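J.: Please find the sequence and the predicted model below.
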Amino acid sequence: MLPKQQRLTKSSEFAFIYRKKKSVANSLLILYVGNKKQDKEALSRVGFVAGKKVHKKAVKRNRIKRLMREAYKNISRAEDFKLKDYQSLIFIARPAIIESDYYKVHAALLDCIRKANKKFSNR
């Protein structure tokens, strides 16, 4: 699990980012991006969401969130991780993610990050 300083915990924080309407998506995930950081040394805060539309059972939803967290941790350790400029990120699972394994989730996270870098880098 990520340290508390790196997690979005309050529903008001999630709502604030959703209102920004800065998102990218692929077949497995949606990524919402918050504001750019003022302080480059501050850590990015991340939230992972798997709603009941993804799967009825909480066990399955929790597994998906664990997969997304682990993939994010591995990606963020990489030197070329580009979303460090953003204050907050929300990864939302789509129903197609249920049949996916770790490698597909990892690839989907990378794809969303690349798309967000392309779309929002010039703003």
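T.: Yep, it's here. Residues are numbered from 1 along each chain as shown.
J.: Quick test: name the residue nearest the centre of the protein.
T.: residue 91 (2.8 Å; C-alpha atoms, centre = their mean).
J.: what bridges to it?
T.: For residue 91, the beta-bridge partners under DSSP bridges are residue 31, residue 48.
J.: I figured it hits residue 47, correct?
T.: Yes - the pair residue 91 / residue 47 is scored as a contact, 7.3 Å apart, by C-beta atoms under 8 Å. For glycine as for every other residue, the C-beta is placed from the backbone atoms N, C-alpha and C.
J.: so what's the residue nearest to the centre of the chain scoring on pLDDT?
T.: In this model, residue 91 is scored at 97, pLDDT.
J.: Same question for residue 13.
T.: Value listed for residue 13 in the pLDDT field: 92.
J.: That one contacts residue 35, correct?
T.: No - applying C-beta under 8 Å as the test, residue 13 and residue 35 come out as separate, 11.7 Å apart.
J.: what do those two both touch?
T.: Contact with both residue 13 and residue 35 is made by residues residue 88, according to C-beta atoms under 8 Å, 6 or more residues apart in numbering.
J.: Looking at the two, which one has more neighbours?
T.: Neighbour tally, residue 13 and residue 35, criterion other C-beta atoms under 10 Å: the higher count belongs to residue 13, 16 against 13.
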